[in-house]
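Peer 1: Here you go, sequence then predicted model.
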Amino acid sequence: MEWQFFLEVLVGGLLAGVMYSLVALGFVLIYKASGVFNFAQGAMVLFAALSFVSIQAMGVPFWLALLLTLVLMVLLGVGIERVVLRPLVNQPPITLFMATIGLSFFLEGLAQMVWGTDVHGLELGIADEPFDVGGVFISKFDLFAAAVCGTLVATLALFFSKTKLGRALRAVADDHQAAMSVGIPLKHIWAIVWGVAGFVALVAGLLWGSRLGVQFALTLVVLKALPVLILGGFTSVPGAIVGGLIIGAGEKLAEVYLGPFLSGGIENWFPYMLALLFLLVRPEGLFGEKHIERV
Amino acid sequence: MFYRESGQFKSSYAADSAIFTIAQDRVFIAALLALSFVAIPGLASDYLLSGILIPFLILSLAALGLNILTGYAGQLSLGSAAFMAVGAFATYNFMVRLPGMPLLVALFLGGLCAALVGVAFGLPSLRIKGFYLAVATLAAQFFIEWVFTKFGWFSNNSSSGVISAPAMQIFGYPIDSPASKYLLTLSIVAFMALAAKNMARASIGRAWMAVRDMDVAAEVIGIPMLRTKLLAFAISSFYCGVAGALYAFVLLGTVDAQAFDLHRSFQILFMIIIGGVGSILGSFLGAAFIVLLPIGLNLIGQVFHGAISTQFLANLEMMLFGGLIIFFLIVEPHGLARLWQISKEKLRVWPFPH
């Protein structure tokens, strides 16, 4: 019975971790391609989910609403690139990071101003009910989320390593100037990346939105994704997945087995401490690229 | 400025390394200090004192702390509010548990506690850099917030973790009216700003800037990385800690750990971005801007009474903050302080620029 309980917690944690990975993926995507640590990813998730729900509330059918939101998110991504990032080309990464903090405030305000601050429910048609697998209960919804996440990662991994565009993206991430000098159109590349990030935000927004309800708290999932990111390394898609699994499982196990000794509520900081301790051993994360510094 | 420095010669090393080398600047600062120490406490209304000036001064102090760490030493921190919380709770415990502890000593000790915690959370900075470090400072933010919420010992087992300011007095003089609170805050902030200015000009400040600009090169020319980085964390946290204690006792009176959440950390970060990263003056300008903007928006809201909901204004405020951050980063990455400097240089030769 004891091990079964352990297994259930573990599986639940791993599946929750998949959800974290989904958000972390949006970060990795943009960081890999433009060297920008996009703090606004959480705001984009909120924006996507809120737009989708509001469009659906106007009586638009599911698929059309999905399409419309996708178009909106891609436009938003391209717009961000045009207005915020293009003027900041060649600025130090910290400046870009702070700009995205500003962007996240702007988007949160905008989304709530346009669509209102009410909490909306979101129904994807997949029941969040557990079923029995060899004595361990697993939620159907979690499995669905894991499948979506897996598909997304496989697609992105292929895209980055096999297509010309993907390689161009990686070149841009490595060195803006060098990429420009070999003829890669920086502006187009960035617009594409932000468009794709908008798409990932939409997927994350739908899954998280149907789990938590579409509300302001959705922006907080970004805080769950950050330790995943530093654990896995900013530049690695597999890192985001493995990091998400470690954080998800570690968080749930700690909550169950450590929580009672520390009077509970540790899930807010435990992932960060885990990631921090890990960083002391490997400063570039699990799968991050090693940086050789020269003077 | 409608003045020139012609005819003012620096004839000694002391004159050359003075903070304000121009006589007009010295007069201006003296007048400003006289105005804020003598005229304002007597003339300003209680609302102006405790609604605008005290929050402005306290947040300036916190911004100053973050500016030392981020602006001078180049270590981005998203946990400044946590260090404010440490300062507030430590000062509270010193005052409650040790009766007869003088207020200023308790503030100082509270700041020291914040500095110790700052050093502990600054240790990873020796190993990790950039974004990784920024995210690591979030660990401090969440962990400290959790400690103060969960463990009743820190709030003297008061209900729901709220701490209330005990009666404050300095040399038998009670600190209870807005004017006396203002004077206390102003004295501390003025003293610590002067200290910060001098640190930034001294060898430690130059070491910080070297680390900020390129840490590997700084280490090569012999700057001790361990001491320099940890000192930046310690001093920055000390400033934040004192600011937090003032925020809890002088401004709010009663406070719980939620007053020092991540949102507050971002607010302080915004102050230094808008005011000017790596500038003492910028910390003050940024704090003034962030304190005044919501008040200004509220006034506009009152003009359109009823037509604009508070919800709308709150969202508008978020959008404005976000938009302004982006605007400043694009147009003037060095913030209001740099704009001030530019306009001073322009005015110096005005109206005959050639």
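Peer 2: Yes, it's here.
Peer 1: Please give the centre-to-centre distance between the helix or strand of chain B with the lowest mean pLDDT and its chain.
Peer 2: None of the helices or strands of chain B scores lower by mean pLDDT, DSSP states H and E than strand B:169-170, at a mean of 77. Chain-centre distance of strand B:169-170: 23 Å, with C-alpha atoms, centre = their mean, to the nearest Å.
Peer 1: And for stretch B:314-332?
Peer 2: With C-alpha atoms, centre = their mean, you get 20 Å for stretch B:314-332.
Peer 1: What strands flank the least confident helix or strand of chain B, and is each parallel or antiparallel?
Peer 2: Each strand paired with strand B:169-170, and its direction, by DSSP bridges: strand B:173-174 (antiparallel).
Peer 1: what about residue 37, how many residues close to it?
Peer 2: By default, I'm working from chain A. The number of residues packed around A:Phe37, counting by other C-beta atoms under 10 Å in any protein chain shown, is 24. No exception for glycine: its C-beta is placed from N, CA and C like everyone else's.
Peer 1: Let me rephrase: I mean chain B.
Peer 2: B:Phe37, neighbours per other C-beta under 10 Å, totals 14.
Peer 1: what ranges of the stretch 51-200 of chain A fall below the confidence cut-off?
Peer 2: A:124-130, A:132-136 (pLDDT under 70).
Peer 1: got the residues of it near chain B?
Peer 2: With C-beta under 8 Å from any C-beta of the partner chain as the criterion, the stretch 51-200 of chain A meets chain B at residues A:83-84, A:87-88, A:91, A:93-95, A:97-99, A:101-110, A:112-113, A:117.
Peer 1: Repeat the analysis, applying 7 Å as the threshold.
Peer 2: Applying C-beta under 7 Å from any C-beta of the partner chain, we find that the stretch 51-200 of chain A lies next to chain B at A:84, A:87-88, A:93-95, A:97-99, A:101-103, A:105-106, A:108-110, A:112-113, A:117.
Peer 1: Return a PyMOL selection command for the buried portion of the residues you listed.
Peer 2: Restricted to buried positions by 16 or more other C-beta atoms under 10 Å in any protein chain shown, the PyMOL selection for these reads:
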select buried, chain A and resi 84+88+94+97+98+99+101+102+103+105+106+108+109+110+112+113
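Peer 1: So which of the residues of the stretch 51-200 of chain A next to chain B are in strands?
Peer 2: Assignment to strands by DSSP state E places none of those there.
Peer 1: So which of the residues of the stretch 51-200 of chain A next to chain B are in helices?
Peer 2: Among those, the ones falling in helices (DSSP state H) are A:93-95, A:97-99, A:101-103, A:105-106, A:108-110, A:112-113.
Peer 1: Tell me where the stretch 151-295 of chain A has helices.
Peer 2: Here the stretch 151-295 of chain A has its helices, by DSSP state H, counting those that start in this stretch, at A:164-174, A:176-181, A:186-212, A:221-232, A:237-253, A:270-281.
Peer 1: from those, which stretch is densest packed?
Peer 2: Stretch with highest mean neighbour count among these: helix A:221-232 (a mean of 28; mean count of other C-beta atoms under 10 Å in any protein chain shown).
Peer 1: tell me the angle that helix makes with helix A:237-253.
Peer 2: Interaxial angle, helix A:221-232 versus helix A:237-253 (axes from the mean of the first three to the mean of the last three C-alpha atoms, to 10 degrees): 110 degrees.
Peer 1: got the angle for helix A:221-232 vs helix A:186-212?
Peer 2: 120 degrees.
Peer 1: now for helix A:221-232, which elements pack on it?
Peer 2: In terms of contacts (3 or more C-beta pairs under 7 Å, 6 or more residues apart in numbering or on different chains; DSSP states H and E), helix A:221-232 is packed against helix A:2-34, helix A:41-57, helix A:237-253, helix A:270-281, helix B:130-150.
Peer 1: Redo those as a markdown table? Include distance to B:Val277.
Peer 2: Putting the helices and strands packed on helix A:221-232 into a markdown table (distance: least, C-beta to C-beta, whole Å) gives the following:
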| stretch | distance to B:Val277 |
| --- | --- |
| helix A:2-34 | 22 |
| helix A:41-57 | 23 |
| helix A:237-253 | 30 |
| helix A:270-281 | 25 |
| helix B:130-150 | 14 |
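Peer 1: Pick the most deeply packed of these.
Peer 2: Sorting the helices and strands packed on helix A:221-232 by mean neighbours (by mean count of other C-beta under 10 Å), the first place falls to helix A:41-57, with a mean of 25.
Peer 1: counting contacts, what elements does the helix or strand following that one pack onto?
Peer 2: Past helix A:41-57, further along toward the C-terminus, the next helix or strand under DSSP states H and E is helix A:62-80. The elements that helix A:62-80 packs onto, with contact taken as 3+ C-beta pairs under 7 Å, 6+ apart, are helix A:41-57, helix A:186-212.
Peer 1: Mind listing what's buried along helix A:62-80?
Peer 2: A:Ala65, A:Leu66, A:Leu68, A:Thr69, A:Leu70, A:Leu72, A:Met73, A:Val74, A:Leu76, A:Gly77, A:Val78, A:Ile80.
Peer 1: Close to chain A: what parts of the stretch 1-150 of chain B are there?
Peer 2: Residues of the stretch 1-150 of chain B lying near chain A by C-beta under 7 Å from any C-beta: B:76, B:124, B:127-128, B:130-132, B:135-136, B:138-139, B:142-143, B:146, B:150.
Peer 1: what number of residues lie near B:Tyr13?
Peer 2: Neighbour count of B:Tyr13, defined by other C-beta under 10 Å: 8.
Peer 1: Please report phi then psi for it.
Peer 2: For B:Tyr13, the backbone dihedrals are phi -60, psi -40 (criterion: degrees, to the nearest 10).
Peer 1: again, but for A:Asp175
Peer 2: Per-residue torsions, A:Asp175: phi -160, psi 110 (degrees, to the nearest 10).
Peer 1: Show me where the stretch 201-350 of chain B has its helices.
Peer 2: Counting by DSSP H, counting those that start in this stretch, the stretch 201-350 of chain B has helices at residues B:203-213, B:215-220, B:225-246, B:262-275, B:280-303, B:310-331, B:335-349.
Peer 1: one step back: mind listing residues that contact the least confident helix or strand of chain B?
Peer 2: The set of residues external to strand B:169-170 that reach it, using C-beta atoms under 7 Å, 6 or more residues apart in numbering or on different chains, is B:Leu103, B:Leu104, B:Ile175.
Peer 1: What separation do you get for the second one and B:Phe171?
Peer 2: In other words, B:Leu104. As judged by C-beta to C-beta, to the nearest Å, B:Leu104 and B:Phe171 stand 9 Å apart.
Peer 1: The two: which is more packed in?
Peer 2: Ranked by neighbour count (other C-beta under 10 Å), B:Leu104 and B:Phe171 place B:Leu104 first, with 13 against 7.
Peer 1: Does the nearest residue to B:Phe20 once chain neighbours are set aside lie in a helix or a strand, and which?
Peer 2: Closest residue to B:Phe20 apart from its sequence neighbours, by C-beta to C-beta, 6 or more residues apart in numbering or on different chains: B:Arg26 at 4.8 Å. Using DSSP H and E, the element containing B:Arg26 is helix B:23-34.
Peer 1: as a whole number, average confidence for that helix?
Peer 2: Mean per-residue pLDDT for helix B:23-34: 88.
Peer 1: what sits against the residue nearest to A:Val200 when sequence neighbours are not counted?
Peer 2: The shortest distance from A:Val200 to any non-neighbouring residue, by C-beta to C-beta, 6+ apart, is to A:Gly26 (4.3 Å). When contacts are counted by C-beta under 7 Å, 6+ apart, A:Gly26 touches A:Gln41, A:Ala197, A:Val200, A:Ala201, A:Ala204.
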